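Visitor: sequence? don't have it. structure:
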C-alpha cells in the first residue's frame, strides 16, 4: 500500500557521524524527500548536485516578527533564502517568531506578547506573504514548544501560529505543523490537525518524550496518519527526529506509521 503522503526526513538529525552529502544520498536512495535547517551552514554546490528533493529549509537567517528592526532583518534575509530556494528547488521555507541560536534558544526571548506585538507580527507576515507571492514560493511559520526545547520563543504555540496564518489567509503563508512540539505544549493532536487543515503546508513528526521516531513514545502516529488521510490531507509529512538506534530502522518505522 503506498503512503498517501509525501514522506520526508530531516537530514540534520540522522547519521550525525556521516557527512551531509552521504545523508542526502541515503535518504534519496530510501525514497524520502529531505528537510534541512540553516542553508548557510552547508556547501550550496554540494546540495545542488546531490540529487535530493528538498521538502523544506530555514527561510531566514536573522530577525523577528515583532518590531521594526527585527522585521526588516527578517525580510532581508528571507529574500536571500528565496534565491537559495530557487537554486535548490526547495518547496517550502520555514520561519519562527524569532531567530534561534545555540540549542534552539531564542536570540531575542520574549515571555509576554502585547497587542502591539501581535499587530506587528501580522504586518510582518503579510509582507512575507507579499515576497512569497512575488517569487512563487511558500513560507511557513512553525509552532515550537516552550517547556522543553524552545523557552522564550514568541508565537510558539500552534494556537498562536494558527491564529496568525488564518487571519492573514494568503497562499504564500502556511503552517509548518510540528506535532512533536504540539504534543508537549498542547496535545489533542487529531483535533489540532483538523483545525489547522486549511492552512497546513507541511506536518512534522517525532515521538514524545525523546524526540525520536514514531513508535518510541506516547503518540499514536498510526492513528494520526489515518485521521489525516480521512481529513483529505495529502501533503508532506517530515520526520524531524533523532533515531533511537539504527537510523534506517527508524525511518522504516516512520514510513510504516504513515502508510495507511
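Guide: Yep, that arrived. Here the structure is a predicted model, which is why all the values come from computation and not from measurement.
Visitor: all contacts plus neighbour counts: C-alpha atoms, from now on.
Guide: OK.
Visitor: Now do the SS call for the residue nearest to the spatial centre of the chain.
Guide: The centre of the chain sits closest to residue 176, judged by C-alpha atoms, centre = their mean, with a distance of 4.6 Å. Using DSSP: H, G, I helix; E, B strand; the rest coil, the structure places residue 176 in strand.
Visitor: same question, residue 76
Guide: helix.
Visitor: Residue numbering should commence at 16 henceforth.
Guide: Okay, using 16 as the starting number, the last item reads as residue 91.
Visitor: Next one: it from residue 109, what distance?
Guide: 15 Å (C-alpha to C-alpha, to the nearest Å).
Visitor: Which one of those two is surrounded by more residues?
Guide: Of the pair residue 91 and residue 109, residue 109 is the one with more neighbours under other C-alpha atoms under 10 Å, namely 25 against 15.
Visitor: contact partners of the strand or helix carrying the more buried one?
Guide: Using DSSP states H and E, residue 109 maps to strand 107-110. The contact list for strand 107-110 (C-alpha atoms under 8 Å, 6 or more residues apart in numbering) reads 70-75, 96-97, 100, 152-157, 191, 216.
Visitor: what about 7 Å?
Guide: 70, 71, 72, 73, 74, 75, 152, 153, 154, 155, 156, 157 (C-alpha atoms under 7 Å, 6 or more residues apart in numbering).
Visitor: Save those residues as JSON lines, and put in neighbour count, distance to residue 176 and secondary structure too.
Guide: Shown next, in JSON lines, are these (neighbours: other C-alpha atoms under 10 Å; distance: C-alpha to C-alpha, whole Å; DSSP: H, G, I helix; E, B strand; the rest coil):
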{"residue": "70", "neighbour count": "24", "distance to residue 176": "20", "secondary structure": "strand"}
{"residue": "71", "neighbour count": "29", "distance to residue 176": "18", "secondary structure": "strand"}
{"residue": "72", "neighbour count": "23", "distance to residue 176": "18", "secondary structure": "strand"}
{"residue": "73", "neighbour count": "21", "distance to residue 176": "16", "secondary structure": "strand"}
{"residue": "74", "neighbour count": "28", "distance to residue 176": "16", "secondary structure": "coil"}
{"residue": "75", "neighbour count": "26", "distance to residue 176": "17", "secondary structure": "coil"}
{"residue": "152", "neighbour count": "20", "distance to residue 176": "19", "secondary structure": "coil"}
{"residue": "153", "neighbour count": "23", "distance to residue 176": "15", "secondary structure": "strand"}
{"residue": "154", "neighbour count": "30", "distance to residue 176": "13", "secondary structure": "strand"}
{"residue": "155", "neighbour count": "28", "distance to residue 176": "10", "secondary structure": "strand"}
{"residue": "156", "neighbour count": "26", "distance to residue 176": "7", "secondary structure": "strand"}
{"residue": "157", "neighbour count": "25", "distance to residue 176": "7", "secondary structure": "strand"}
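Visitor: Any chance of JSON lines for the residues you listed, columns distance to residue 25?
Guide: Listed next are the contacts of strand 107-110 as JSON lines, based on distance: C-alpha to C-alpha, whole Å:
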{"residue": "70", "distance to residue 25": "9"}
{"residue": "71", "distance to residue 25": "9"}
{"residue": "72", "distance to residue 25": "9"}
{"residue": "73", "distance to residue 25": "12"}
{"residue": "74", "distance to residue 25": "15"}
{"residue": "75", "distance to residue 25": "17"}
{"residue": "152", "distance to residue 25": "20"}
{"residue": "153", "distance to residue 25": "18"}
{"residue": "154", "distance to residue 25": "17"}
{"residue": "155", "distance to residue 25": "16"}
{"residue": "156", "distance to residue 25": "17"}
{"residue": "157", "distance to residue 25": "15"}
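Visitor: so how far is residue 48 from residue 190?
Guide: 18 Å.
Visitor: which of the two has more neighbours?
Guide: Higher neighbour count among residue 190 and residue 48: residue 190, with 26 against 23, using other C-alpha under 10 Å.
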